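S.K.: Sequence first, then the predicted structure:
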Amino acid sequence: MRTITKFGLAAALASVLAPMPATAFWLLGFSTADTLPQGDFSAIAGAGGQLSSVGEPRTTSLTTFLPHAGIRAGLADGWDIGYRLTQVALPFSSIGPSLGAEIDLKRRLTPADSPWQAALVIGGAYSYLDIQDRSRSAWSPGVDLILSHSFTPRYAGFVDLRYVYTAIPTAIGGDAGNYLNAVGVGLGVRAKLTEVVSISPEIGVFDFNGKLAGKQENGVGVQIGAVLGFKF
């Protein structure tokens with residue numbers, strides 16, 4: 001009965017977390033390196049903002065409210081899988097609102113009872129966005145290395161090293177003129193509020209390098225946000 005209830009809750013959350021329009025990409029992971037036990041589920045929901053400055057001359061854009069949500073499921077010892085709302089990793093002074101979703105696989109690299117944890121996350125996203133006054137599709141693979149440490153049973157800190165490549169092959173000029181590399185680091189804390197609820201604030205700085213509509217769009221971006229986490 002407990003397993004059926006878990007799958008029912010996960011299905012309900014998945015329907016709520018269908019892709020929706022937004023105006024920036026969450027490069028933050030909001031996660032420590034530990035993985036869920038097999039058959040367990042978790043969910044996150046929260047918000048934050050992004051400031052980016054790209055191009056020559058520089059164009060600065062500020063997005064003050066970005067919703068974020070996702071679900072995860074434990075597959076086996078040291079392995080879990082996640083799905084979350086996502087938008088492609090682009091500075092939105094150059095690109096219009098996007099629509100998409102991301103799936104990732106997480107592998108814990110350290111023993112489950114170690115106070116220091118490390119994990120590797122590999123994922124990919126597919127999205128729609130507005131560029132050159134038309135809706136285009138984009139794909140975006142990425143990889144994360146997460147390092148975390150439990151200071152107390154209640155508090156843990158984490159560092160998220162992330163790289164994401166985004167290409168828009170359907171735009172004019174193909175992916176040779178419409179691509180972006182985003183690489184950076186996020187720092188966060190997870191605080192347990194109860195046995196099943198936690199809060200995770202995170203801030204990150206990222207470097208953008210690439211072209212959009214054939215124009216160089218190099219620059220930097222800063223993101224800050226927080227999510228509530230739920231285990232069930």
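M.R.: Great, that's in hand. Numbers count the residues shown, from 1 in each chain.
S.K.: Report the beta-bridge partner residues of residue 179.
M.R.: Bridge pairing for residue 179 (DSSP bridges) gives the partners residue 167, residue 211.
S.K.: Which residue ranges of this structure form helices?
M.R.: Ranges of helices within the chain are 2-16, based on DSSP state H.
S.K.: Strands of that one, start to end?
M.R.: Taking DSSP state E, the strands of the chain run over residues 41-54, 59-76, 79-85, 98-108, 116-131, 134-150, 155-167, 179-192, 197-212, 215-216, 219-231.
S.K.: Format these as CSV; extra columns: distance to residue 35 and mean neighbour count.
M.R.: C-betas here are computed from N, CA, C, even on glycine. As requested, those are exported to CSV (distance: least, Cβ to Cβ, whole Å; neighbours: other Cβ atoms under 10 Å):
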stretch, distance to residue 35, mean neighbour count
strand 41-54, 10, 20
strand 59-76, 7, 17
strand 79-85, 4, 20
strand 98-108, 5, 20
strand 116-131, 7, 19
strand 134-150, 10, 18
strand 155-167, 13, 20
strand 179-192, 14, 19
strand 197-212, 15, 19
strand 215-216, 39, 13
strand 219-231, 12, 19
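S.K.: could those go into CSV alongside distance to residue 173 and mean pLDDT?
M.R.: Converted to CSV, the strands of the chain look like this (distance: least, Cβ to Cβ, whole Å; pLDDT from 0 to 100):
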stretch, distance to residue 173, mean pLDDT
strand 41-54, 18, 89
strand 59-76, 19, 86
strand 79-85, 28, 93
strand 98-108, 18, 86
strand 116-131, 10, 87
strand 134-150, 11, 89
strand 155-167, 11, 94
strand 179-192, 10, 94
strand 197-212, 8, 93
strand 215-216, 10, 84
strand 219-231, 20, 93
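S.K.: My understanding was that residue 45 contacts residue 68; is that so?
M.R.: Yes - look at residue 45 against residue 68 with Cβ atoms under 8 Å: they come within range, at 7.1 Å.
S.K.: Pull up the overlap in contacts between the two.
M.R.: residue 227 (Cβ atoms under 8 Å, 6 or more residues apart in numbering).
S.K.: So residue 137 is in contact with residue 125, correct?
M.R.: No - using Cβ under 8 Å, residue 137 is not in contact with residue 125; the gap is 11.1 Å.
S.K.: What lies in contact with stretch 149-162?
M.R.: So stretch 149-162 is contacted by 27-29, 31-33, 115-117, 142-148, 182-192, 202, 204, 206 (Cβ under 8 Å, 6+ apart).
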